[in-house]
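**Student:** Have a look at this fold, sequence not included:
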């Protein structure tokens, strides 16, 4: 009888292993004893859970890859279709005068710039998220870094009819960061604030030191981001409805790139918006 119990338990363990190997499904084995067979069953359960987690992550990665391909295909096709349409119109000699030809060439050229920007953003997003390149961080004066970046954005602000206000409520604000990576992240945040904050005529940048964190708030005073859009604005290719016009629509990757870069620096990024203002806030651990 004792042997029969052992054999029966071994058969149950064997069936559990076969279930895992054939179907990849989680089938917990009851741990009945404290001896070697019980330890074996417990280890198999742990292995099964880890395998199930790996399979789930693999499915998520595959779905993410498919979503990326679909998004890229759609966003590349739109400007490319326009370019081909205008060039085909010119190629078939439908233009009656040189001025009309120049007009359509100019439109095709602008669409080409949009296409190049999308490709550049896609490359940058892939590079940042691949994890192939190590983050080369150094001790960085975030105050001086942000101030210089904002001053370099003055021409873009002026073109949009905007000014900026810079508030610094800190003595020192040092973080561990990779300058080039952070430059791209904050350029994307400022460009986004300008794109959607033209009506407010002002960009506001505030630096604070809170709970051992360096906090940078970039605010615009344009149209409110809907509450339903806020949880998704850092997702790749996501665009709130208000940004779909040809005048304001971006690649849909800028905020996703910024989020990836911030998180690579062990930082946090989030947004909040109401009827009067929209804030993009980043937080990084400070260093002595």
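**Tutor:** That came in fine, so what should we check first? Please read all numbers here as calculations on a predicted model, not as lab measurements.
**Student:** do you know how far the spatially most central residue of the chain is from residue 233?
**Tutor:** Closest to where the C-alpha atoms of the chain average out (Cα atoms, centre = their mean) is residue 256, at 1.8 Å. For residue 256, the distance to residue 233 (Cβ to Cβ, to the nearest Å) stands at 9 Å. Heads up, the C-betas are built off the backbone N, CA and C, glycines and all.
**Student:** Same check on residue 169?
**Tutor:** Taking Cβ to Cβ, one finds residue 169 at 26 Å from residue 233.
**Student:** quick one, which of these two is more surrounded?
**Tutor:** residue 233 (22 against 11; other Cβ atoms under 10 Å).
**Student:** Which residue, neighbours along the chain excluded, lies closest to the more buried one?
**Tutor:** Spatially, and ignoring its direct neighbours in sequence, residue 233 is nearest to residue 255 (5.7 Å; Cβ to Cβ, 6 or more residues apart in numbering).
**Student:** Lowest-scoring secondary structure element of this structure by mean pLDDT?
**Tutor:** Lowest by mean pLDDT, DSSP states H and E among the helices and strands of the chain is helix 2-23, with a mean of 71.
**Student:** what packs against that helix?
**Tutor:** helix 36-91 (3 or more Cβ pairs under 8 Å, 6 or more residues apart in numbering; DSSP states H and E).
**Student:** which secondary structure elements does the helix it packs on contact?
**Tutor:** For helix 36-91, the contact count by 3+ Cβ pairs under 8 Å, 6+ apart identifies helix 2-23, helix 98-130 as packing neighbours.
**Student:** So which elements touch the next helix or strand after the longest one?
**Tutor:** To tie it back to what came earlier, the one meant is helix 98-130. Next helix or strand after helix 98-130 toward the C-terminus (DSSP states H and E): strand 138-141. Using 3+ Cβ pairs under 8 Å, 6+ apart, the elements in contact with strand 138-141 are strand 174-177, helix 179-196.
**Student:** tell me the contacts of the residue nearest to residue 233?
**Tutor:** For residue 255, the contacting residues are 188-189, 192, 233-234, by Cβ atoms under 8 Å, 6 or more residues apart in numbering.
**Student:** so where do the strands sit in the stretch 151-288 of the chain?
**Tutor:** Assigned by DSSP state E, counting those that start in this stretch, the strands in the stretch 151-288 of the chain fall at 163-168, 174-177, 202-210, 213-220, 268-273, 278-285.
**Student:** picking that back up, which among the contacts of residue 255 gets closest to residue 285?
**Tutor:** Nearest to residue 285 among the contacts of residue 255 is residue 189, at 19.1 Å by Cβ to Cβ.
**Student:** Was I right to think the closest one contacts residue 217?
**Tutor:** No: in this structure, residue 189 is not within contact of residue 217 by Cβ atoms under 8 Å, at 10.2 Å.
**Student:** With neighbour numbers in mind, choose between these two.
**Tutor:** residue 189 (23 against 16).
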